[in-house]
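Colleague: let's see this in three dimensions:
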Amino acid sequence: MKRKILPFLIAGNLCSSVLAQTDHPGHAPTANRIISLDFNKEKGIFNTSFKACVGAGRANEGLRSDWQQQLAIAKKECGFKYIRMHGLLTDDMAVYMEDRNGKPKYNYQYVDVLYDYILSIGMKPFVELGFMPGALASGNNTIFWWRGNVTPPKDYKKWEGLVRNLAQHFTERYGADEVKTWYFEVWNEPNLKGGFWTGSQDDYFKLYQYSAKAIKSVSAAYKVGGPATAGAAWVPEMIDFCYKNSVPIDFISTHAYGVKQGFLDEYGSTGTVLDKNKESVSGDVWNSRKQIQNSAIPGLELHYTEWSSSYTPADPLHDSYHEAAYILQKLKQTGAAANSMSYWTFTDIFEEPGPRFTPFHGGFGLLNTQGIKKPAFFSYSFLNKLGETEINDEDNSSWACKDKKGGVQILLWDYTYTLPDSVNNQSYYIRDLPAKSKGEVDLRVSGMQKGKYRLEIYQTGYKVNDAYTTYLSLNKPDQLTKTQVAMLKTQNDGAPVFKATISVNASGLFFRKIALKENDVFLINLVRL
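Modeller: This is a model prediction of the structure:
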């Protein structure tokens, strides 16, 4: 968002603090929160598990041009490396059928279009093996508007043949050196019996065993894992099964969401409630890591292949400015416990409950259907601007990094739980929710190199890169005109809210005081000139 300096000063009361350089600590006014950093005290290489993977709804949606355009934006600005989605083997991808004699026939034309595109923009697939092709299914149970079949295979050997043929095809098309960098995950949330899987736990383990055998028969270097469970379930059981039965496993995958009630509620009709527990999501991640460490295979990778504040694509929290601070708080808490934390999802082009009828409907995405960036998007784009070396930072709600050119980046935020008791997300986060003051942050960086720097300040929060509140000001139209879409994008484009050239003198001190409101997010970027 292109903003003039004056509105920023009025909103933040920062005339003497953000814009004026202070070279002596004694000149700094008292602040409620102090972030004191030393440029020369390095923590190490900055952990980037937050951008290792991101989610998408289903494979067939990836054939759409608008989906592909949005993925390219998310890759460029947020730096995501892998993408995971449902439905690669579902009938709308036309992968599997049988002739009149029951002989399997394979077809990967749609899959090739999708994967060719993903690789062309510098991303890689995190391959989810599911759901069951109709011709191979043992029953008719399906999930979602697009009818993903959730039954076990009628013939496990034919399932094994499909998975093996798929891996062979990938090898022929992309080369073994490329495919060995991918991940193959077996199924999705099989612990939700009657939802994503009609079989038992034993049936899932059997499916996994046949799948792992198929993958490893093509190359022992290919990575396979699971159980891709909801609620961080089955981790010890999965490892125990593989260890005792000599079944290959390279990683554990599972999921966590930060709400209570409304399980598998794709329409949001039950009413979700954001969990007050400060360790929601992050507590699950650390417990999963502990379970792996205490297991017979302690060196397994851990991938949270789905996570978010809420597990329904009809939760207005996803659209709210509160989501950006929530994301950062949870990622900070999880630290390096997981090898990847895959946010669900990058886009609202997502049709589990069918095509949506309004531009903002609480969808999972970082971008809405029209490609308008939500506050959640900026939590990831700001993270992606952090340098490769982390600086020691004792503050619990910030990161500090530096780059090879001597620049410094500080990402800081406030996370405040504001949901009233006995109120659900669907009735609260749809409102215009002004943010209360949380005092000031006294930001100090010592030990910097003398010289000139370009100071860039980025922000998301209430009415700042806050597309949903802008949308509310338009009286929530069910459909957006081209002019309205352009306006929403322009006013919420994530551009710096302030830029200036500053000098750091021989004292090596940079100081700023920043006024902070509830669930504000700030990125302070000092580019050495």
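Colleague: in the stretch 251-400 of the chain, which spans are strands?
Modeller: With DSSP state E, counting those that start in this stretch as the criterion, the stretch 251-400 of the chain has strands at 251-257, 259-260, 273-274, 301-308, 340-343, 389-391, 398-402.
Colleague: same list (these) but as TSV, adding mean pLDDT.
Modeller: Output for these, formatted as TSV (pLDDT from 0 to 100):
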stretch	mean pLDDT
strand 251-257	98
strand 259-260	90
strand 273-274	96
strand 301-308	98
strand 340-343	98
strand 389-391	98
strand 398-402	98
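Colleague: reformat these as CSV; add mean neighbour count and distance to Leu166.
Modeller: In short, each C-beta sits where N, CA and C put it, glycine included. Listed next are the strands of the stretch 251-400 of the chain as CSV, based on neighbours: other CB atoms under 10 Å; distance: least, CB to CB, whole Å:
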stretch, mean neighbour count, distance to Leu166
strand 251-257, 26, 18
strand 259-260, 19, 35
strand 273-274, 20, 39
strand 301-308, 24, 19
strand 340-343, 26, 21
strand 389-391, 18, 39
strand 398-402, 23, 39
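Colleague: tell me which of these lies nearest to Ala94.
Modeller: Nearest to Ala94 among the strands of the stretch 251-400 of the chain is strand 301-308 (24.7 Å), distances taken as CB to CB.
Colleague: follow-up on the earlier one: what's the closest of the strands of the stretch 251-400 of the chain to Pro420?
Modeller: strand 273-274 (10.5 Å).
Colleague: so where's the stretch 351-500 of the chain uncertain?
Modeller: Within the stretch 351-500 of the chain, no stretch has pLDDT under 70.
Colleague: mind giving me a markdown table with the strands of the stretch 251-400 of the chain and columns for distance to Ser120?
Modeller: Shown next, in a markdown table, are the strands of the stretch 251-400 of the chain (distance: least, CB to CB, whole Å):
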| stretch | distance to Ser120 |
| --- | --- |
| strand 251-257 | 26 |
| strand 259-260 | 36 |
| strand 273-274 | 38 |
| strand 301-308 | 23 |
| strand 340-343 | 21 |
| strand 389-391 | 31 |
| strand 398-402 | 30 |
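Colleague: for Ala176, which of the ones you listed is the nearest?
Modeller: That would be strand 251-257 among these, by CB to CB, at 18.9 Å.
Colleague: any idea how far that closest one is from the chain center?
Modeller: Distance of strand 251-257 from the chain centroid (CA atoms, centre = their mean, to the nearest Å) equals 13 Å.
Colleague: which residues touch it?
Modeller: 183, 185, 189, 223-235, 238-239, 280-281, 284-285, 288, 292, 300-311, 339, 344 (CB atoms under 8 Å, 6 or more residues apart in numbering).
Colleague: alpha carbons of it, as CSV, please.
Modeller: Taking C-alpha atoms only, strand 251-257 is exported to CSV below (Å, rounded to 0.1, in the frame of the first residue of the first chain):
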residue,chain,number,x,y,z
PHE,A,251,9.4,-39.0,7.7
ILE,A,252,6.4,-38.5,10.0
SER,A,253,3.6,-36.3,8.8
THR,A,254,0.6,-35.0,10.8
HIS,A,255,-1.7,-32.0,11.2
ALA,A,256,-2.7,-29.4,13.8
TYR,A,257,-5.3,-26.6,13.9
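Colleague: sheet partners, orientation included, of it?
Modeller: strand 223-229 (parallel), strand 301-308 (parallel) (DSSP bridges).
Colleague: pairing partners for the residue nearest the centre of the chain in the sheet, please.
Modeller: Nearest to the geometric centre of the chain sits Tyr343, at 2.0 Å (CA atoms, centre = their mean). Beta bridges link Tyr343 to Val54, Trp307 when assigned by DSSP bridges.
Colleague: hmm, Gly55 and it touching each other?
Modeller: Yes: at 6.4 Å, Tyr343 counts as touching Gly55 under the criterion of CB atoms under 8 Å.
Colleague: could you pick out the buried ones from the contacts of strand 251-257?
Modeller: 183, 185, 189, 223-230, 232-235, 238-239, 280-281, 284-285, 288, 292, 300-311, 339, 344 (16 or more other CB atoms under 10 Å).
Colleague: re the thing from before, the strands paired with strand 251-257: which one's closest to Tyr462?
Modeller: Across the strands paired with strand 251-257, closest to Tyr462 is strand 301-308 (CB to CB), at 20.8 Å.
Colleague: check the offset of the closest one from the chain's centre.
Modeller: 9 Å.
Colleague: A helix includes Ala506, no?
Modeller: No: the assignment for Ala506, made by DSSP: H, G, I helix; E, B strand; the rest coil, is coil rather than a helix.
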